[in-house]
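Any chance you can model this:
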Amino acid sequence: MEQTEIEARVTRAHELHESGYNCAQSVACACCDLVGLDRAEAFRLTEGFGGGMGAFTETCGAISGGVALIGYSMSAGPDAARSKAATYRQVRQLVNGFRDMNGSTLCKELKGQSGGPVLRSCPGCVEDAVRLTLSLLCLSSQGIFHLCPFHLCPRVFFPFLFALAR
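Numbers count the residues shown, from 1 in each chain. This next block holds a predicted model:
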């Protein structure tokens, strides 16, 4: 994936967010074509994740949008539950990477609604989740590492490679 495509997807996610999509929808709809998911389906699938799980300000919706795409991409389907372990590893990479970048995965903490400072704005969370999700989708797509956008966020991406090598 070229840097221009990555930036275009980040820009698209921001445009979607500004037009009223929640954080989960913005991430999922900006990248859904990469996993063969229709944008309308991605929109509906992720609607309840906005505002940190239905406005409960729990897990950041941007993370949830990325998790939805990873799950859709990696799942072997209902008749073959063997993909769960690999999917969970990728999801942990996304969540841990996001936490490392922003100090939390909770919407209320990120937005400064729990008594602490604002850690990251919603547009910033959307951008981080898009970049991390793209990195992970690239890593999982048939093991083709030379196409992976490691320059997206080197401080997060390189630990992914070391973890995979173990």
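
Quick check: the gap between Thr105 and Arg82.
Distance of Thr105 to Arg82, computed by CB to CB, to the nearest Å: 27 Å. Bear in mind the C-beta positions are built from the backbone N, C-alpha and C, glycine included.

Counting neighbours, go ahead and name the busier of those two.
Taking neighbours as other CB atoms under 10 Å, Thr105 and Arg82 compare with Thr105 leading, 20 against 9.

I figured that one was touching Gly97, is that so?
No: using CB atoms under 8 Å, Thr105 makes no contact with Gly97, being 10.2 Å away.

Surely Gly103 and Leu119 touch.
Yes: counting by CB under 8 Å, Gly103 touches Leu119, with 4.8 Å between them.

what touches both of the two?
Here Gly103 and Leu119 share the contacting residues Glu109, scored by CB atoms under 8 Å, 6 or more residues apart in numbering.

Just want to know which of those two has more residues nearby.
Neighbours were counted for Gly103 and for Leu119 using other CB under 10 Å; Leu119 has more, 17 against 14.

Quick check, pLDDT for the residue nearest the centre of the chain.
Centroid check for the chain by CA atoms, centre = their mean gives Gly66 as the closest residue, at 2.7 Å. For Gly66, the model assigns a pLDDT of 98.

quick one: contacts for it?
With contacts defined as CB under 8 Å, 6+ apart, the neighbours of Gly66 are 27-28, 94, 129-130, 132-133, 136.

ok, now how distant is it from Ala76?
The gap separating Gly66 from Ala76 is 20 Å, by CB to CB.

Then Val118 would be within a strand, right?
No: looking at Val118 with DSSP: H, G, I helix; E, B strand; the rest coil, it is coil, so not inside a strand.
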